[in-house]
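# curious how this folds, go ahead:
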Amino acid sequence: MKRQSEQIRHMTDREVLFHLYLTQALLLAAAGIASLLLFDGAEWRRLWRFAADDVLIYGAGGAAAVLAVEFWAMRCLPNDWYDDGGVNEKIFRRRSVPHIVFLCALIALAEEWLFRGVVQTHWGLWAASAIFALLHVRYLEKWFLFLLVVLLSLFLGVLYEQTGSLWVTVTAHFLIDVVLALEICLHRGMEERE
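Next up is the predicted model:
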């Protein structure tokens, strides 16, 4: 993690964005290719079944529960437990709100399609959660952040198992990411005004 956070600290804003978009493009390509190889058309369409009640109750409701726990923990636990080496700050601190919304939607779509839609559907909840957690390599040396990512992945996996819809997990993932990213962005705005 130290090496990655150190590398990111020395990157320009443009380089950070390039690597973020490249990573998401690779995840989308992997999800697309794997979907072509592993699903027929009907199976693939079933992954994307949209039920507004499920999206609202499980997706938005699940995100609200996760965010309540996150914000409670941020207030009660030591700050260094949440320190990811400044990576999230570097990614979101100087973005406009529309750009943050777009990035979080892209990240949620790419990660949920690959990890829930492809990996979990074919190899199970534990495989998807393990790979999802390992992808967030910057958290491997921070036990608390790594635990949060594992628990979040398991939670999203359970939501997917309960509803069978990627829209539920994409919605939950998006709402969690966008609220936390906007908190970073708004915190920046308050600091700049002081």
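# helix or strand with the lowest mean pLDDT in the protein?
helix 2-10 (a mean of 68; mean pLDDT, DSSP states H and E).
# list the buried ones in the following helix or strand past that one?
Counting by DSSP states H and E, the next helix or strand C-terminal to helix 2-10 is helix 13-38. For helix 13-38, burial by neighbour count (16 or more other Cβ atoms under 10 Å) applies to 16, 24, 27, 28, 31, 34, 35. (C-beta placed from N, C-alpha, C; glycine too.)
# so what secondary structure elements neighbour helix 13-38?
helix 87-92, helix 97-112 (3 or more Cβ pairs under 8 Å, 6 or more residues apart in numbering; DSSP states H and E).
# buried stuff in the last one?
In this case it means helix 97-112. Those would be 100, 101, 103, 104, 105, 106, 107, 108, 109, 110, 111, 112, for helix 97-112 by 16+ other Cβ under 10 Å.
# and the next helix or strand past it?
Heading C-terminal from helix 97-112, the first helix or strand you meet, by DSSP H and E, is helix 121-123.
# distance from that following helix to the middle of the chain?
Centroid separation for helix 121-123 versus its chain: 19 Å, with Cα atoms, centre = their mean, to the nearest Å.
# who touches that helix?
Residues outside helix 121-123 that contact it (Cβ atoms under 8 Å, 6 or more residues apart in numbering): 38, 47.
# ok, then the element right after it?
As assigned by DSSP H and E, the chain's next helix or strand after helix 121-123 is helix 125-135.
# immediately after that following helix, which helix or strand?
Helix 125-135 is succeeded, C-terminally, by helix 143-163 (DSSP H and E).
# mind listing what's buried in that following helix?
If you call a residue buried by 16+ other Cβ under 10 Å, then helix 143-163 has these buried ones: 145-146, 148-150, 152-157, 159-160, 163.
# also stretch 48-57?
Neighbour counts over stretch 48-57 (16+ other Cβ under 10 Å) mark 54, 55 as buried.
# picking that back up, between the buried residues of helix 13-38, which is closest to residue 8?
Nearest to residue 8 among those is residue 16, at 6.3 Å by Cβ to Cβ.
# just give me the neighbour total for the closest residue to the closest one other than its chain neighbours.
Of all residues not flanking residue 16 in the chain, residue 90 sits nearest, at 5.5 Å (Cβ to Cβ, 6 or more residues apart in numbering). Residues near residue 90, counting by other Cβ atoms under 10 Å, number 18.
# the one 3 residues further on too?
When neighbours are defined as other Cβ under 10 Å, residue 93 has 16 of them.
# for it, give its distance to residue 103.
Using Cβ to Cβ, to the nearest Å, residue 93 is found at 12 Å from residue 103.
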